[in-house]
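Novice: Quick one, structure for this:
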Amino acid sequence: MDYFERILEIVASYESLGVRSLADGTKLTGHVPHVAPQAWFQQVYPALDQFEIERLEESVGIKFPQVFVDFLKRANGLYLFSGHLYICGVRKNFSRSIEAAWQPFSIFTPNIDERPRGAKPAFLFVGGYESDGSQLYIDTSDLSVCRCSARSAKPLHKWASFEMMLESEVRRLATHFDSQGRLLDPKRPTTP
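Specialist: Below you'll find the predicted structure:
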């Protein structure tokens, strides 16, 4: 079992709260009405194909490392623990329907529209944390992953690889929530 399958096991542990599969392949796990009436605790978006990934790379203007290409072939982003961790993807639908609301955060925003100060050309911004607005980027020169603030690319935390970051962060965040998707200690920061 690889890192992605282990992450999906943690996502599946909230299936007792409900599961919904959307027509586009998005899987919503863990209905959490205490967050909002239509909120879901975990969201896994459907994979991209090679052509979609190549178009996305061209649009962003950064060659994606193979580890992120492999991730996108399994999921076009994630929205986990009610947004306490997310991985960006490409938004495919901009309609105002309720189903269109469940899409990944756009990878264009942190890489093009709101790129943090000091971001080197080798930095591919791939996700972040809603709780404090911090972002995650892959340094394509060495494949390490860093967390930085929304305004500055100065590293606040560093992991050796994308896989290590994602699995360790999902495992760490799982300890912050109960089986109903509620924070165990709202005063305890959910960022690393």
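Novice: List the contacts of residue 126.
Specialist: 68, 87-88, 107, 136-138, 145, 162 (C-beta atoms under 8 Å, 6 or more residues apart in numbering). For glycine as for every other residue, the C-beta is placed from the backbone atoms N, C-alpha and C.
Novice: can you redo these as TSV with neighbour count?
Specialist: Listed next are the contacts of residue 126 as TSV, based on neighbours: other C-beta atoms under 10 Å:
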residue	neighbour count
68	22
87	26
88	26
107	27
136	25
137	25
138	25
145	25
162	24
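Novice: Give me the distance between the two termini of stretch 151-162.
Specialist: From its first residue to its last, stretch 151-162 covers 21 Å (C-alpha to C-alpha, to the nearest Å).
Novice: what's the most distant pair in the contacts of residue 126?
Specialist: Among the contacts of residue 126, the pair separated by the greatest distance (C-beta to C-beta) is 107 and 145, at 14.7 Å.
Novice: now, among the contacts of residue 126, which is nearest to residue 32?
Specialist: Closest to residue 32, out of all of those and judged by C-beta to C-beta, is residue 87, at 19.3 Å.
Novice: The closest one pairs with what?
Specialist: Counting by DSSP bridges, residue 87 is bridged to residue 78, residue 127.
Novice: is it true that it touches residue 104?
Specialist: Yes: using C-beta atoms under 8 Å, residue 87 is in contact with residue 104, at 7.3 Å.
Novice: Just the buried residues of stretch 180-192, please?
Specialist: 181, 190-191 (16 or more other C-beta atoms under 10 Å).
Novice: now, among these, which is nearest to residue 17?
Specialist: Taking the buried residues of stretch 180-192 together and measuring to residue 17 by C-beta to C-beta, the closest member is residue 181, at 6.4 Å.
Novice: So what's the residue count around the spatially closest residue to residue 18 that is not a sequence neighbour?
Specialist: Excluding its sequence neighbours, the residue lying closest to residue 18 (C-beta to C-beta, 6 or more residues apart in numbering) is residue 31, at 3.8 Å. Residue 31: 18 surrounding residues under other C-beta atoms under 10 Å.
Novice: List the residues that contact residue 31.
Specialist: 17-18, 20, 39-41.
Novice: Those in strands, which ones?
Specialist: 20, 40-41 (DSSP state E).
Novice: longest helix anywhere in this protein?
Specialist: Counting residues, the longest helix found in the chain (DSSP state H) is helix 162-174.
Novice: Test my guess that residue 110 contacts residue 62.
Specialist: No: using C-beta under 8 Å as the test, residue 110 is too far from residue 62 to be in contact (11.3 Å).
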